[in-house]
Each structure stands twice: as C-alpha cells, then as structure tokens.
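J.: 3D, please:
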Amino acid sequence: MQAEDYINARAQLVIYHNLRRMLADRGYSVERCGSEQHLMEKLLQCVENNEPVFQTTNPQTRHRAVAFFPKNVKLSVGSFRAILEWVEASVQENPTPSCCVLVVTEGGLTPVANNEMFADHGCIHFESWKNAELAINITEHVIFSKHTALSPEAAQQVLTQYQTTPDKLYQLRRDDPAAKYYALKPGTIVKVDRRLGLLPPYTVYRHVK
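T.: Numbers count the residues shown, from 1 in each chain. Sure thing, here's the model as predicted:
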C-alpha cells in the first residue's frame, strides 16, 4: 500500500467507524470489525470497485442500510446510476420494506446526480454525506444534547400535557446536524435532554420541520 493510499484509507477508516456508530444509534445491527489493516484494504477495494463498504439491517423493522464511498470528488450521474443499479438488484434479490443508501463523498453531488438521487425510487431512499460531516461524531461533543424521537402515542401525551400543538413547538430543521444524524422525518416530535454547564439538566421538545 502506497503512502497516499494509506493516508486516504486511514481517513476513510475514521469515517467508516463514525458511520457505523451513527447507524447503530438508528437501531441497525452493527457487528465488530476485523483487524484495522484488513479493514483498510477492504475499504480501498470497495472504493475502487464501486461496491458498498457496509451493509446492515434493523432487526426490529427489517429495514436495510447500505453505504458507498465513491472515488469521485463529486458524485457524477454515471456513478450514481451504477450505485442505484447495484441497490435495485440487491433489493430485488432480498426484498425489504425500505433500504437507506448512504453515499459519502468529498465534495457532494453534481447537479444532475443530485436531481436523480432525490427523485422517487420506491422503497430505496438516499442520503448524501460529505467526508467532513462524518469526520467526527457529533454525539460525542461535550455540548451535544441527546435527541429521542417520540412515538405518535408519546408525542400526543406531551402535546396534551402542555396543551399545545406541533406548530407551536420550536422547530427543528430537517437539515439540522442532529436531525440528519438520526434521520428524523418531518412531523416527528423529538425529546431533547439538555445540559448546560453547571445548570441542572432539563428537557425540551422540538417538532421536525
């Protein structure tokens, strides 16, 4: 392995581990990794062959998640279509209620690839991530507040308790880092447990917009 490849593989290894942690926090099954050297070689091979670097399933919902690290600085429409073709074949072979495809790039997407990625693909849903967004795990930051998506029943109890409606709660934008990390959907009521310095912890509620 050349020095440049080694440096790239090391950076991707950090992103890979943060990606695994994020999916585990979403409820997906995450098994232990092998040796670091073997994992770096596997990552380089997957990137070179445009294959998924990671696949997993949520044991409760049977939803699947697949992650790709395309080698383009910006994902081209041709590379996107190759990923979509791979995922469609995989879903056809092993049906699933939903498949989340995470595409991690250095510089995002070309305009055409962006339009195609966020078109309707049935049970297949895409997320676009940049390396910088996954270079650290935001949940490990000292000021990060724990976010918990409430079930419809629990959300209704909160609204009844405070005699309010979702539109009167403070809004949490869908592109907020915490909302993106947990893949929170619009309309969800989120419980946020906050800690600020020496103040006692307290709870607030947000409505995902």
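J.: who are the packing partners of the lowest-mean-pLDDT helix or strand in the chain?
T.: When each helix and strand of the chain is scored by mean pLDDT, DSSP states H and E, helix 3-25 comes last, with a mean of 81. Helix 3-25 sits against helix 36-49, strand 54-57, strand 64-68, strand 99-105, helix 131-134, helix 177-182, with contacts defined as 3 or more CB pairs under 8 Å, 6 or more residues apart in numbering; DSSP states H and E. In short, each C-beta sits where N, CA and C put it, glycine included.
J.: per-domain residue ranges of this protein.
T.: Domain assignment for the chain, taken from automatic domain parsing, gives 3-136, 142-208.
J.: most tightly packed of the ones you listed?
T.: Highest mean neighbour count of the domains of the chain: domain 3-136, a mean of 16 (counted as mean count of other CB atoms under 10 Å).
J.: tell me the contacts of the closest residue in space to residue 162 that isn't next to it in sequence?
T.: Among residues not flanking residue 162 along the chain, residue 205 sits closest, at 7.8 Å (CB to CB, 6 or more residues apart in numbering). Residue 205 makes contact with 158, 162, 169, 170, 189, 190, 191, 192 under the criterion CB atoms under 8 Å, 6 or more residues apart in numbering.
J.: bridging residues for residue 205?
T.: residue 191 (DSSP bridges).
J.: ok, back up a step: make a markdown table out of the helices and strands packed on helix 3-25 and add mean pLDDT.
T.: Converted to a markdown table, the helices and strands packed on helix 3-25 look like this (pLDDT from 0 to 100):
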| stretch | mean pLDDT |
| --- | --- |
| helix 36-49 | 84 |
| strand 54-57 | 94 |
| strand 64-68 | 97 |
| strand 99-105 | 97 |
| helix 131-134 | 94 |
| helix 177-182 | 95 |
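J.: make TSV from the ones you listed and add distance to residue 29 to it.
T.: What follows is the helices and strands packed on helix 3-25, written out as TSV (distance: least, CB to CB, whole Å):
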stretch	distance to residue 29
helix 36-49	18
strand 54-57	6
strand 64-68	10
strand 99-105	14
helix 131-134	20
helix 177-182	17
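J.: of these, which is nearest residue 80?
T.: strand 99-105 (7.6 Å; CB to CB).
J.: can you list the strands that the closest one pairs with?
T.: If you go by DSSP bridges, strand 99-105 pairs up with strand 64-68 (parallel), strand 124-130 (parallel).
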